[in-house]
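**Q** build the 3D model from these lines:
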Amino acid sequence: MPIHRRSIGIVSGAAVLMAAAAGYNPVQAQAAAEQAVAQAVEALTKAMIEVDRGRLEALTADGLSYGHSAGRIETKKQFVDYLESKASAFRTINLSDQTISVVGSDAIVRHLFTGETVSPAGQVTPVRIGVLQVWQKQGNDWRLLARQAYRL
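**A** Purely as a prediction, here's the structure:
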């Protein structure tokens with residue numbers, strides 16, 4: 001049976017009408033996905049300050065590539081272990097100018113990252129960097145797949 005452009009248009013139109021009747025709104029779905037990613041970013045930030053190993057592991061993908069502004073690259077295990085060592089613990093983290101772009105099951109997040117770290121000796125160091133994150137939806141959860149910081 002040949003398929004004609006006209007029949008494709010009818011089928012496509014019917015699919016759109018069925019989706020609309022079912023309550024699917026692509027704009028609302030996009031906004032909901034962006035909100036879910038924003039919540040994951042916030043949860044990761046909180047877990048980094050609190051050094052919550054369970055949450056850090058739950059919020060990051062097994063294949064994580066975590067890049068620091070000084071050039072150091074860490075795996076998931078290295079990222080969590082380093083935070084847990086408190087060699088340079090975060091006292092504060094503030095994210096601003098955040099943008100989130102969801103594309104299918106991936107999301108690109110950019111923000112300005114400011115805060116303070118404290119060394120075991122008590123030395124406080126200010127942090128002000130730009131950050132690019134790539135999040136991936138795995139099942140029902142968003143997990144950090146890649147992060148690269150850069151000096152401003």
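
**Q** residue 142 - how many residues pack around it?
**A** 26 (other CB atoms under 10 Å). C-betas here are computed from N, CA, C, even on glycine.

**Q** let me know the secondary structure of it.
**A** Using DSSP: H, G, I helix; E, B strand; the rest coil, the structure places residue 142 in strand.

**Q** residue contacts, it?
**A** Residue 142 sits next to 36, 37, 40, 59, 107, 135, 136 when contact means CB atoms under 8 Å, 6 or more residues apart in numbering.

**Q** what of residue 149?
**A** 67, 68, 69, 113, 129, 130, 131, 132.

**Q** closest to residue 121 out of the contacts of residue 142?
**A** Of all these, residue 121 sits closest to residue 59, with 29.3 Å by CB to CB.

**Q** roughly how far apart are the closest residue in space to that closest one that isn't next to it in sequence and residue 120?
**A** What sits nearest to residue 59 in space, not counting adjacent residues and going by CB to CB, 6 or more residues apart in numbering, is residue 44, at 4.7 Å. Residue 44 sits 23 Å away from residue 120, going by CB to CB, to the nearest Å.

**Q** more neighbours: which of those two?
**A** More crowded of residue 44 and residue 120, by other CB under 10 Å: residue 44, with 23 against 10.

**Q** now the more buried one: phi and psi?
**A** phi -70, psi -40 (degrees, to the nearest 10).

**Q** OK, contacts around it?
**A** 55, 56, 59, 60, 144.
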